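J.: Model the following, please.
(chains A and B)
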2 protein chains.
Amino acid sequence: MSDNLLKEKVEQAVNILQEKGIDLWLTFVRETELTVDPVLSYILGAGCTWQSAFIITSKGRRVAIVGSLDREKISRTSIYQEIIPYVGSIKESLLKVLEEEKPKKIALNFSKDSPASDGLTYGMFLKLMEYLEGTEWRERIVSSEDIISALRGRKTPEEIKRIEEAIKITEKIFKRVTEFIKPGLKEKDIAEFMKEEVRREGAELAWEEETDPAVFSGPQEVGAHSGPTEKRVEREHVINIDFGVKWKDYVSDLQRVWYVPKEGIDIPEKVRDAFEIVKEAIRLAKKFLRPGVKGWEVDNVAREFIKSKGYEEYPHALGHPVGRSVHDGGTLLAPKWERYGELPFKEVEEGNVFTLEPRINLPEFGVVSIEEIVVVEKDGSRFLSTPQEEIFLVK
Amino acid sequence: MSDNLLKEKVEQAVNILQEKGIDLWLTFVRETELTVDPVLSYILGAGCTWQSAFIITSKGRRVAIVGSLDREKISRTSIYQEIIPYVGSIKESLLKVLEEEKPKKIALNFSKDSPASDGLTYGMFLKLMEYLEGTEWRERIVSSEDIISALRGRKTPEEIKRIEEAIKITEKIFKRVTEFIKPGLKEKDIAEFMKEEVRREGAELAWEEETDPAVFSGPQEVGAHSGPTEKRVEREHVINIDFGVKWKDYVSDLQRVWYVPKEGIDIPEKVRDAFEIVKEAIRLAKKFLRPGVKGWEVDNVAREFIKSKGYEEYPHALGHPVGRSVHDGGTLLAPKWERYGELPFKEVEEGNVFTLEPRINLPEFGVVSIEEIVVVEKDGSRFLSTPQEEIFLVK
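T.: Residues are numbered from 1 along each chain as shown, chains lettered A, B, ... in the order given. The predicted structure follows:
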C-alpha cells in the first residue's frame, strides 16, 4: 500500500474507533513472514520479527512497540509517531502504554466469523493474557471485528479507483480469451493463456494460481473453487470462467459465461433462459442493495427469484466484499447458514464493494454463473464492472 | 512442495504422532488467502475457503472435512484418503470423526513461543470450542508444538538438498557482488544488483524484499532487520550483507563481510581481530552442536567466547532453524531471554538445520557478522554453506 493510502486508512481507523466507542486498538503480532495478521497491511505496511504491539487510540495516538532490530524499519513507514524498541521483553513497555491510556476497552483482532478480523493467533492471545495477568486490562478485551470490518469495508475513493483498474484489466483479458477459446482446447490451456495475459499486463493473480482462473467447460459436478482440468472444450458446452487480478494491492473477481454452438444451431433455449434469470437475479439484488440493509436480505432477493423460476438454489453466498483480498471480510451477502456465522446479519454500508454471483447449474450444458462487482453508494449501488448482457459466443 | 515431499512429510508426521504419544492432530483453518496456518504447506499443499479440518491420526488415518466447493481441489492433493464435504456446517462431520477415533489427546496448532506452530487463530479456537461444547473432547486439547517443531525441524534428505541448492545460489551471488561493490555506490544500489541476480537465477527472495538483502556499509547503529539505505560505500568501511534466496520452497540465510581498504593500506588489526573472533565463535558453537544439547547451551558457547575477548554480546540469538521459512520454528540457539520463551530450552535433534550468526559491532568501521548454515548429524554437525575464511576485499 502506498504511504498516502496507508495514512488515509489509519486516519479512518481513528474515526472508526471514536464511532464504535473503543478507546484502544491493539494489534499484537510476531514473525510476520510465518503468520501474518491481514490487518497489518492497513496499519503498518511492513513486517516484523519479534513480538510487536501496534496501538491506535481513539484520541489518535499511535504507538509501535517493536524488537530493537525492527525499530529502524518500522520508523520508515512513518505511521507510528512513537516507536518504543525493546531487547528483552515487550511486556514492560506494553503495560506502560496501557497504564498511560487507561482504556475502557481494548480491541484485539479476533473473530469467530470474520477471517479478515481474526489475525491474532491463539498462542499470541495466551502470551498476551500472561503479560496482562493481575491487571485490570484483561477484563477489558473486546473483538476488533467491527473496527476492521468498517476499515476494510468503507473504501476510500482511492481504493475504489484501484478496484476499478483491476476490473478493467480483467475485462480486457476476458475479451482476449473470447477470441482464444476454441473447441479442442483444454480448460488448462485457457487458464494458461489468461495467466500469461496477466503477466503481460504487469498485474498479479487475485488469488491462488491453482484456481485463478477457474475454467469450467461443459457439464460438471465440481464447484467454483476448483482449478482447470485436462477436460476439452466441445460444441454445446457452456463455459464459465471465474477470474480476478490484483493491481496496486487491490483485486477484481468476476465470472463470465460463454457458449460453444454447433454450427448453424442457435443457443439452446434452456441456456438462454438460465442466463437471463441469473442476469435478472443480479439486477434485482443490485436494486435492493443500499446502506442499512442486511446481508442475508440481499442474498434472499436473488435466491428466492432463482427458486421461483424452478431452479435449485446456489450452494454458496450471493456475494462477498472485495478489496485488498478477494474475500475481504465484513458483511456477507449470504443465507443464514451456520457456516457463515454472524456475517449475513451485518449491515451494508456506504463505500462497501461486493460481488454478486448467483449461479444456475445446467447438468446437460454446464455452469451458468455471472459475477459482477458493485459499490454501495448513499442511496443505492453502482456497477464497477461492465455487466455481461449477452452470452459470449465461441466461434 | 512437490507431491513426493508432501507425502514424505505426512508419513513423517504419523511417526512423530506415535513417538509423542498423541493420537489425533487437528489443523483447523479457513480462508487461507487471508490467514494461513504455516503448517498447511507441509500437510496439504493447497488452500481452502470455508472452515476446514485436516485430521491426521497416529494410526495413519487422514481425513479432510472441507466445504463442498473445495472438495475437488483438496482431493487433487491426494494426501487425504477420506474427504468429507459439507454445505451447511462442519460441526457434525467433525464430531463424527472424533467419535470414531475417540482420541485421548487432540493436538491443535497453538504455541506461546513458536510462531511456526501457532497457526490456529483465536477466533477459530473459540469457534472450535463452540462446536465441542458439551463433549469430552474439549478437555483433551494439547498443543501441537512438539509435532510441528519435529516435522519442520527433522529435515529429510530431499529438504537438505534443496537448502543446499539455495545456499549455492546465494554464494554465487555473493561472489558476483564482490566484483560489483565499489566506493561511491549506495547500499541500495548493491541491494538492487543482488535482487536482479536473484531474478536471473530464477530464484525468489527468502524474506521480505525491504530487507533481503540487508546491506550495511560502514559505522552504524541500526540492526540486522533494516533495509539498505542511501548511504554510500566509502574506503575504510566494513560492509556486512545479510541475504537469502528461496529455491524450490526452501531458503538460505547467510551473511558475509567485506572491507574497503584505503589504497596501499592493509585491513586494520581491529577489523581483522573481530573477524577472527566471530569466525572462531562459529567454529566453537558448531563443534558443540549435536543432538541432545539445548539451544541456549549452543548460544552460550559463542556468546561467552565473544565476551571473553572483551566485546559486547550480540543483542540477538546465535542462530535459528532454516527450512521452508527463514525463521523456521523449533529450538532456538538463543539466550534465556524472555522474548525467546521456551525455545532456547529445547533440544537439538538430528536433521535440524541452523544458522550460526554471532556479531561484533565496530563503531568506527561497521558490523562484523558472519552467518553460516549447518546441519545437525548423528554425532555432530556439518557446514552446508562454504564458511567464509577471509574478509572479502573490495577493489
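J.: The helix or strand of chain A with the lowest mean pLDDT close to chain B?
T.: Scoring the helices and strands of chain A by mean pLDDT, DSSP states H and E places helix A:71-76 at the bottom, with a mean of 86. Yes. Interface with chain B: helix A:71-76 contributes A:71-73, A:76 (Cβ under 8 Å from any Cβ of the partner chain). The way it works is simple: take the backbone N, C-alpha and C, and place the C-beta from them, glycine included.
J.: Over to stretch A:312-329?
T.: Yes. Using Cβ under 8 Å from any Cβ, stretch A:312-329 comes into contact with chain B via A:315-316, A:325-327, A:329.
J.: okay, the residues you listed in a markdown table with neighbour count and pLDDT next?
T.: Shown next, in a markdown table, are the residues of stretch A:312-329 next to chain B (neighbours: other Cβ atoms under 10 Å in any protein chain shown; pLDDT from 0 to 100):
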| residue | neighbour count | pLDDT |
| --- | --- | --- |
| A:Pro315 | 16 | 89 |
| A:His316 | 26 | 91 |
| A:Ser325 | 24 | 91 |
| A:Val326 | 23 | 92 |
| A:His327 | 23 | 88 |
| A:Gly329 | 28 | 80 |
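J.: what's the burial count for the residue nearest to A:Ala203 when sequence neighbours are not counted?
T.: Once flanking residues are discounted, A:Ala203 sits nearest to A:Val245: 4.3 Å by Cβ to Cβ, 6 or more residues apart in numbering or on different chains. Using other Cβ atoms under 10 Å in any protein chain shown, A:Val245 has 28 other residues around it.
J.: picking up where we left off before, now, which of the residues of helix A:71-76 next to chain B sits nearest chain B?
T.: Of all the residues of helix A:71-76 next to chain B, chain B sits closest to A:Glu72, with 4.0 Å by Cβ to the nearest Cβ.
J.: quick one: A:Val326 is in a helix?
T.: No. Counting by DSSP: H, G, I helix; E, B strand; the rest coil, A:Val326 falls outside a helix, being coil.
J.: Pull the contacting residues for it.
T.: A:206-207, A:244, A:251, A:253, A:320, B:33 (Cβ atoms under 8 Å, 6 or more residues apart in numbering or on different chains).
J.: Next, work out how far apart it and B:Lys246 are.
T.: Per Cβ to Cβ, to the nearest Å, A:Val326 is found 24 Å from B:Lys246.
J.: Give me the contacts around the biggest helix by length in chain A.
T.: Ranked by residue count, the top helix of chain A under DSSP state H comes out as helix A:157-180. For helix A:157-180, the external contacting residues (Cβ under 8 Å, 6+ apart) are A:4-5, A:8, A:155, A:190, A:193-194, A:197-198, A:201, A:203, A:206, A:241, A:243-252, A:254, A:256, A:258, A:322-323, A:351, A:353, A:373, A:375, A:384-386, A:392, A:394.
J.: rerun at 7 Å
T.: A:5, A:8, A:190, A:193-194, A:197-198, A:201, A:203, A:243-252, A:254, A:256, A:258, A:322-323, A:353, A:373, A:375, A:384-386, A:392 (Cβ atoms under 7 Å, 6 or more residues apart in numbering or on different chains).
J.: Tell me the buried residues in whatever helix or strand comes next after that helix?
T.: For helix A:157-180, the following helix or strand on the C-terminal side (DSSP states H and E) is helix A:187-200. By 16 or more other Cβ atoms under 10 Å in any protein chain shown, the buried positions in helix A:187-200 come out as A:187, A:189-191, A:193-195, A:197-198.
J.: again, but for stretch A:377-387
T.: A:381, A:384-385.
J.: Any regions of the stretch 101-250 of chain A where pLDDT drops low?
T.: Scanning the stretch 101-250 of chain A with the threshold set as pLDDT under 70 gives A:222-225.
J.: near chain B, which residues of it show up?
T.: A:110-112, A:115-116, A:118-127, A:207-208, A:210-211, A:222-227 (Cβ under 7 Å from any Cβ of the partner chain).
J.: circling back to that earlier point, what helices or strands is the least confident helix or strand of chain A leaning on?
T.: strand A:82-86 (3 or more Cβ pairs under 7 Å, 6 or more residues apart in numbering or on different chains; DSSP states H and E).
J.: does the strand it packs on come close to chain B?
T.: No. Strand A:82-86 lies apart from chain B when judged by Cβ under 7 Å from any Cβ; the minimum separation is 7.6 Å.
J.: I am finished for the moment; much appreciated.
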